[in-house]
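A.B. asks: Following is a predicted model, sequence given first.
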Amino acid sequence: MKISAPIRVLAEGADSMVIGSHLDWMKKAGYHVVLIDITEEATGRHLADHFEVVPKYGASNIDAVMADIISRHNIELVVPSVDEGLPFWASRREEWAKKGVHILVSNLETIEICQDKLRSHEFLVEHGLPSPKTQMTWSQETSFMKPRIGRGSRGVRYCPEGPPASSAENVLWQEYLDGPEFTVDLLCSAPGEVLYCVIRQRLTTSNGLSVKSRVVAHPEIEKTARNLAKVANFFGPVNVQFIEFGQNRGTENCFCITDINPRISGGQALTLDATENWFALYPKILIGEKLKARPVKIGRTLNRCFKNIFFDS
């Protein structure tokens, strides 16, 4: 990859609650940002250098639309952040690299395992990593309902009295775990090779998004996250969700991995503040530059608030 100045980047999720934060870090990294979203009313259109409306992933014309945007804006780097788009970009990574367009995403097999919660559970168990008890039917031990394929807190429900009469299809059931929640932000500079591993304790959440969090030291969770990165062959930014529960179930760990997201996280601003601007590292990673991690600022804390954007419509 040839690094130009400014680097022309295609980014997603222009209507997400965290797009302003993501763009701040991209701008600090010297990016010229082209944002995409499926809606004209996306907030990020007023913040980016350029904005484009795109069809949903899976649409018959998605390849042609993306190719046109990449060509017109001379895109050099794509940073996927929308779950639905990860398989699309992963399956086209090698093809676009030949054209000088580099996509920062893990391989397709890894993406497919992470996005299917049953396959994720089976993968974790296979590699001796902690996962909640999981099955496809409700029981007293497994009363926490999750969509088998989904994101965030959508469709998640605790059902101690039994499955709801109108429970959705293709859900799975896990044991209910109650305790501190942690997000581990990983940056892999090569497949399976961890450059950064930062643990954030989620102090307060709203609609699945962390609004108050703190960087902490947790050697056992860090060791587990690094092992996962190695066996899953992660590349680029990944975030892994953990829950630490109060009762040891006869194993050396009293925490479980609950979700694996092979993309940048919504709360990554704290991680970048506690280390360095990862967006500035992405082009260096893609050209194979040898990088050295900085010390992580343990105790660094983030509180979030809303920001107003005014414009004429």
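C.D. replies: Structure received. Owing to the predicted nature of the structure, the values given are computational and were not obtained by experimental measurement.
A.B. asks: Pull the contacting residues for the closest residue to residue 76 other than its chain neighbours.
C.D. replies: Closest residue in space to residue 76, ignoring its immediate chain neighbours: residue 8 at 5.1 Å, by Cβ to Cβ, 6 or more residues apart in numbering. Yep, even glycine has a C-beta here, placed from its N, CA and C like the rest. Shown in contact with residue 8 (Cβ atoms under 8 Å, 6 or more residues apart in numbering): 31, 32, 34, 73, 74, 75, 76, 77.
A.B. asks: how about a cut-off of 7 Å?
C.D. replies: For residue 8, the contact set (Cβ atoms under 7 Å, 6 or more residues apart in numbering) comprises 32, 73, 74, 75, 76.
A.B. asks: Residue 265 and residue 272, how far apart?
C.D. replies: 10 Å (Cβ to Cβ, to the nearest Å).
A.B. asks: Please read the previous query as pertaining to residue 263.
C.D. replies: Taking Cβ to Cβ, one finds residue 263 at 15 Å from residue 272.
A.B. asks: those helices in the chain, which residues are they?
C.D. replies: In the chain, the helices defined using DSSP state H lie at 19-28, 62-72, 86-91, 93-97, 108-115, 117-126, 219-232, 268-274, 278-286.
A.B. asks: Go through those helices and name the closest to residue 49.
C.D. replies: Closest approach to residue 49 among these is made by helix 19-28 (9.1 Å; Cβ to Cβ).
A.B. asks: Nearest residue to the middle of this protein?
C.D. replies: Closest to where the C-alpha atoms of the chain average out (Cα atoms, centre = their mean) is residue 263, at 3.2 Å.
A.B. asks: Next, count neighbours for the closest residue to it other than its chain neighbours.
C.D. replies: In space, and not counting its chain neighbours, residue 263 is closest to residue 81: 5.2 Å by Cβ to Cβ, 6+ apart. Using other Cβ atoms under 10 Å, residue 81 has 22 neighbouring residues.
A.B. asks: picking that back up, got the confidence number for the residue nearest to residue 76?
C.D. replies: In this prediction, residue 8 carries a pLDDT score of 96.
A.B. asks: What residues are bridge-paired with it?
C.D. replies: Beta-bridge pairing of residue 8, defined through DSSP bridges, involves residue 32.
A.B. asks: Residue 309 and residue 302, how far apart?
C.D. replies: 21 Å.
A.B. asks: Can you list the low-confidence ranges for the stretch 101-250 of the chain?
C.D. replies: Low-confidence segments of the stretch 101-250 of the chain (pLDDT under 70): 152-153, 166-168, 246-250.
A.B. asks: which stretches of it form strands?
C.D. replies: 102-103, 134-135, 144-147, 157-158, 171-174, 181-190, 193-206, 209-216, 236-244 (DSSP state E, counting those that start in this stretch).
A.B. asks: who does the second one pair up with?
C.D. replies: Strand pairing for strand 134-135, using DSSP bridges, gives strand 171-174 (antiparallel).
A.B. asks: now do the longest one
C.D. replies: Based on DSSP bridges, the pairing partners of strand 193-206 within the sheet are strand 181-190 (antiparallel), strand 209-216 (antiparallel).
A.B. asks: quick one: it to chain centroid distance?
C.D. replies: Strand 193-206 sits 11 Å away from the centroid of its parent chain (Cα atoms, centre = their mean, to the nearest Å).
A.B. asks: Which parts of it count as buried, going by neighbours?
C.D. replies: 194, 195, 196, 197, 198, 199, 200, 201, 202 (16 or more other Cβ atoms under 10 Å).
A.B. asks: Do I have it right that the second one meets residue 291?
C.D. replies: Yes: with contact defined as Cβ atoms under 7 Å, residue 195 counts as touching residue 291 (5.8 Å).
A.B. asks: residues making contact with stretch 148-161?
C.D. replies: Residues contacting stretch 148-161 (Cβ under 7 Å, 6+ apart): 83, 115-118, 138, 143-147, 168, 170-172, 176, 207-208.
A.B. asks: about what we covered before: residues that sit against both of residue 195 and residue 291, list them.
C.D. replies: Joint contacts of residue 195 and residue 291 (Cβ under 7 Å, 6+ apart) are residue 189.
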